[in-house]
Every structure is written in structure tokens, then in C-alpha cells.
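Asker: okay, here's the prediction I keep looking at, along with the sequence it came from:
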Amino acid sequence: MSALLRFLQDYEVPLYILLGVVGIIYIRKMAVSWREWRIAMFGLEKEIAQRHFSSSLTIVILLLLMSMTIFALVSFIAPTFPGVNTLSTPTIDLMATSVGTVNPLETPGVGTTIAAETGTGCVSDQLEWTYPLAGDKVSGWVELKGTVNIPNLGYYKFEFSQPGSSTWIAISAGNKVVIDETLGGVWNTEQLTPGEYSLRLVAFDSSNENTLGTCVISVQVVAP
């Protein structure tokens, strides 16, 4: 289902154009068959013209219903469906993350970068996971919660990976400040092999290019 919704999101406009072109063709056929129906002199001619008009009208109605369905799925269903609104962004090298501490007496300004703490890179009340926490055991569909409260925030994304792997798999993303709330996506662990996994929360500035911070924790995925 998520693959279908992503397809509709990516090709929404071309689909509307295609349906519109087909609709124009059949509306023209409706007009022609309507004229033939009105001027037909014999019963058989009227019956054939009426049949053509009815079939063209049926197709036009179906095209209209398809357009309405696509609009509803893209506008109302896709934004709330887990795993659909993911952002394809470059993988960030955690080894390149700067190490330092944040002075609680200083408020970062526009264009500044929050330095990651040693180890996880999480900063309390600014960039952190609140569920699950490091070392927690999770299974099934996991509603991820956290805090992303950083000045000059452009967007954030969250991903998972197996320890030792350089591949991070996107779960979802968002562009609003959240404080101990749902990050906007659900992590489906049902198809994963039980074991240790890493969760990474990355925040970017308003240019969507510079990293403001990276928070990584390890959790245990267990069988349901």
C-alpha cells in the first residue's frame, strides 16, 4: 500500500493529465453520439447512438471517480500512512560529526550548529529520542517519539541500521519542531531479524544542507 501511495504522490500531475486527455476524447465522443441520437431517423440508428452515448458517459464518470480517488489518497491518506512520506537524503558520516558540549547558558543563533555530545550525539531537550530509549526492547510496529527543538531547523529525518552496516534505511521525516512527541512515522520491525539495531535522528538547517545535530541510540528488536 505504501508503494502505491508513493507512486501516486510522485506521478499525481501526469496521472491527472492522462486522465484529462482521455476524458476530453470521450466527452467529444459523447457529443458526437448525442447529435447522432437526436437526428437519427430510424430506431436502430437511435439505439446504436444511444449505446455509444451511454458507454462514453460511463467512461467519463469512471475517469472522474479515478481523479477524485487519486486526489483523496494523495491529499488525505498518504500524509498519515506510515512509511510514505520519506525523504531521500544523503547518508551522513557519523565519524565526521563534531564532538563537543553545548553551553546551557548560550542560545544558538541562526546559522549555528549544535555540537554533538560524545557517544550518541544526543542533546537533552534539543535533539533526543524519548521512545524508545537506548537499550529498550521493541517489536512489531513502533511509534517513534523524540525531541527536535533546534533554532534554524529546516527538517529532520530518522533512520535505522544494523551495527557495523554503513547503510541507513529511512523511516520518515518531518519539518516541524517536536518536543517529546511522535516524530511522524512508525517503524515496522515485523520483517526484521531480531537483534541489535541503531536508530539515528538527524536535524538539518533551513538550507536543508548543513547538519545541526545527530542522535544515535541502540535498541533490541525482539520477535513479537
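Answerer: All right, it came through fine. Residues are numbered from 1 along each chain as shown.
Asker: tell me what the helix or strand that contains V216 is packed against?
Answerer: Per DSSP states H and E, V216 falls inside strand 211-221. Where contact means 3 or more CB pairs under 8 Å, 6 or more residues apart in numbering; DSSP states H and E, strand 211-221 is packed against strand 127-131, strand 137-138, strand 195-205. (Each C-beta comes from the backbone N, C-alpha and C, glycine too.)
Asker: buried residues, the worst-scoring helix or strand of the chain on mean pLDDT. List them.
Answerer: Every helix and strand in the chain was compared by mean pLDDT, DSSP states H and E; the lowest is helix 2-10, with a mean of 76. Going by neighbour count (16 or more other CB atoms under 10 Å), the buried part of helix 2-10 is 5-6, 8-9.
Asker: from the contact counts, what lies against the helix or strand harbouring R51?
Answerer: Assigned by DSSP H and E, R51 belongs to helix 43-72. In terms of contacts (3+ CB pairs under 8 Å, 6+ apart), helix 43-72 is packed against helix 12-39.
Asker: ok and the helix it packs on relative to helix 2-10, angle-wise?
Answerer: Put simply, helix 12-39 runs at 80 degrees to helix 2-10, going by axes from the mean of the first three to the mean of the last three CA atoms, to 10 degrees.
Asker: show me how this protein divides into domains.
Answerer: Under the assignment automatic domain parsing, the domains of the chain span 2-80, 94-221.
Asker: now, of those, which is deepest in the fold?
Answerer: domain 94-221 (a mean of 16; mean count of other CB atoms under 10 Å).
Asker: so for that domain, what's the average pLDDT?
Answerer: For domain 94-221, mean pLDDT rounds to 79.
Asker: G185 contacts I171, doesn't it?
Answerer: Yes - at 5.0 Å, G185 counts as touching I171 under the criterion of CB atoms under 8 Å.
Asker: and the contacts of stretch 36-44?
Answerer: Around stretch 36-44, the neighbours that count as contacts under CB atoms under 8 Å, 6 or more residues apart in numbering are 45-46, 49-50, 52-53.
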